[in-house]
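A.B. asks: coordinates only, sequence not included:
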């Protein structure tokens, strides 16, 4: 098959700059989808994506334009899902960079450009929303020229909403975008071993594991026996085809194309994302370069409200982990919450999305503990440990040092708001490393501890800059700090699920803050309940939830003080006994008090 008539491209941009709308117009313009089936965010098939107005999963689609086959991948824009973007870039040769004419270049725009440049892709700059009154095309064009070093004439101004100039983007992809690259080529096409890269996969209840692949060499015929090179498993290609965006079966998936393979595999572990698919008859000797394994930043405990649902929770996560290579989980047991799973995420939005999917798609009722990051611990005997929650920290007397993860962040903000942002960074124990300017906006580079950015940093940043700031980050290593574990005791019982790791200088403030919050969410009992924060055996703060008190003297109609005192003393003894044996029912909100500290 002639690959000169194929172009593979993806759309990259900051969140809410109009990627999905541009993809909609391209499908409408090329008659890929009939007008009666057209709807906004057509490629965002998940209910959650449509509700939140964001793309969570990358989605491939094949469109025809002027005799060319164009394979498009729509990618997410939020910083938490940048691993999805890196997977898309591996499967294409051209990246359409969309920039909002009203907002200009944002943090995730820069991040995605660097990812595309790493892969040596052809970048096609597009300015979207030029029809809006607030659009400043000249200024945004100057920013793009400054960033990419391209000519001003190379930039295409479009309105994805109205469809203005979208055909120019399709023409530019054909003219300026390279044909599919072939990674290796032998003298005869018949001898070329087939190699295809799995860039996404999901589990279909009725059909098994479905792979989204990009064929670099050879072809994959229907019903052929395939092998996953890294996993070492064999399977059958029961059906192959392209997505338009519905599945359109073909006799074979040709070289240079992007499509799907329906396999007979039963678990996703047999076909991991980033693996190379080859044919059993003519196997390839070397796999394609895969993706680097994405490590989670944030860990949180997920516990079912009823222990009967533990098995359902585990099965649901295994299904989600199939199409989400960044999802890592392991069993966890808490004396208070019972059996659950400790799950690793790429960020708080990623955690929020997984929680909503578990509750909606699998009807699970969950308790989520405070998110934390992982720490490296060196013991006095030289042994190295990695702990994922404060409860796992060994006795402090045997610990030599604790290292916490730090991140390298990048914030783009209007020049007039630099002071607010620098104050916020200092509050989070961070420090600014560089300050540069793009036109009238500042790019602030900084370093800060990951744990301090976990909870509500993004919300505080938006508040401090009236919503104008954009934020992007990456891990930059571990540093030894003076860290302590703060435990929380409810009626004298230590709640492991509430324990947090923090810097010694912040411990007192966090202890006071959390005990106040717990006092608001834990209901009153028939006896007095003490809420305490402690570092080891030292109590650093205390709040008391007063007891409900029944008026036991109401039945006395005389004014006899001795009788009243006798009844009150009897009540006091009863409450003391109840305090010794009483159990407290702690609501699920108590375990998420750290999420919004202020």
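C.D. replies: Thanks, I have it. It should be emphasised that the depicted structure is a prediction, and the values quoted were computed from it without experimental measurement.

A.B. asks: Is residue 473 in contact with residue 410, as I believe?
C.D. replies: Yes. With contact defined as Cβ atoms under 8 Å, residue 473 counts as touching residue 410 (7.1 Å). For the C-beta atoms, the positions are set from N, CA and C on the backbone; glycine is no exception.

A.B. asks: Is residue 272 part of a helix or strand, or is it coil?
C.D. replies: When classified by DSSP: H, G, I helix; E, B strand; the rest coil, residue 272 comes out as coil.

A.B. asks: So what's the residue count around it?
C.D. replies: 18 (other Cβ atoms under 10 Å).

A.B. asks: Grab the nearest non-local neighbour of it.
C.D. replies: Spatial nearest neighbour of residue 272, excluding adjacent residues (Cβ to Cβ, 6 or more residues apart in numbering): residue 231 at 5.9 Å.

A.B. asks: Distance check, that neighbour against residue 91.
C.D. replies: Here residue 231 is placed at a distance of 19 Å from residue 91 (Cβ to Cβ, to the nearest Å).

A.B. asks: Next: residue 176.
C.D. replies: Applying Cβ to Cβ, the value for residue 176 to residue 91 is 19 Å.

A.B. asks: Mind checking which of these two has more residues around it?
C.D. replies: Between residue 176 and residue 91, residue 91 has the larger neighbour count (other Cβ under 10 Å), namely 25 against 13.

A.B. asks: Leaving out chain neighbours, which residue sits closest to the more buried one?
C.D. replies: residue 214 (3.9 Å).

A.B. asks: Touching, the one you found and residue 199? I think so.
C.D. replies: Yes. Between residue 214 and residue 199 there is a contact under Cβ under 8 Å: 6.2 Å.

A.B. asks: Name the SS class of the most centrally placed residue in the chain, please.
C.D. replies: When Cα atoms, centre = their mean is applied to the chain, the residue found nearest the centroid is residue 350 (2.8 Å). Of the three states, residue 350 takes helix under three-state DSSP.

A.B. asks: how much space is there between residue 480 and residue 428?
C.D. replies: According to Cβ to Cβ, residue 480 and residue 428 sit 18 Å apart.

A.B. asks: cool, and residue 531?
C.D. replies: Counting by Cβ to Cβ - residue 531 and residue 428 are separated by 26 Å.

A.B. asks: higher neighbour count, these two?
C.D. replies: residue 531 (22 against 19).

A.B. asks: Let me know the helix or strand that that one is in.
C.D. replies: strand 529-535 (DSSP states H and E).

A.B. asks: Check residue 519 too.
C.D. replies: Going by DSSP H and E, residue 519 is in helix 504-521.

A.B. asks: got it, and residue 235?
C.D. replies: Using DSSP H and E, residue 235 sits in strand 233-243.

A.B. asks: partner strands of that strand, parallel or antiparallel?
C.D. replies: strand 225-228 (antiparallel), strand 247-250 (antiparallel), strand 258-263 (antiparallel) (DSSP bridges).

A.B. asks: what comes up buried for that strand?
C.D. replies: Buried positions in strand 233-243, judged by neighbour count with 16 or more other Cβ atoms under 10 Å: 233, 235, 236, 237, 239, 240, 241, 242, 243.

A.B. asks: any chance of those in JSON lines, with pLDDT and distance to residue 454 too?
C.D. replies: Listed next are the buried residues of strand 233-243 as JSON lines, based on pLDDT from 0 to 100; distance: Cβ to Cβ, whole Å:
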{"residue": "233", "pLDDT": "88", "distance to residue 454": "37"}
{"residue": "235", "pLDDT": "91", "distance to residue 454": "40"}
{"residue": "236", "pLDDT": "92", "distance to residue 454": "44"}
{"residue": "237", "pLDDT": "92", "distance to residue 454": "43"}
{"residue": "239", "pLDDT": "93", "distance to residue 454": "43"}
{"residue": "240", "pLDDT": "94", "distance to residue 454": "43"}
{"residue": "241", "pLDDT": "92", "distance to residue 454": "42"}
{"residue": "242", "pLDDT": "91", "distance to residue 454": "41"}
{"residue": "243", "pLDDT": "87", "distance to residue 454": "36"}
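
A.B. asks: from the strands paired with strand 233-243, which stretch is densest packed?
C.D. replies: strand 258-263 (a mean of 25; mean count of other Cβ atoms under 10 Å).

A.B. asks: partners of whichever helix or strand comes after that one in the sheet?
C.D. replies: Scanning forward in sequence from strand 258-263 by DSSP H and E, the next helix or strand is strand 276-279. Taking DSSP bridges as the criterion, strand 276-279 sits next to strand 195-204 (antiparallel), strand 225-228 (antiparallel) in its sheet.

A.B. asks: Would you mind pulling up the elements that the helix or strand following strand 276-279 packs against?
C.D. replies: Once strand 276-279 ends, the next helix or strand along the chain (criterion: DSSP H and E) is strand 298-304. When contacts are defined as 3 or more Cβ pairs under 8 Å, 6 or more residues apart in numbering; DSSP states H and E, strand 298-304 sits against helix 310-323, strand 328-334, strand 338-345, helix 348-361, strand 366-368.
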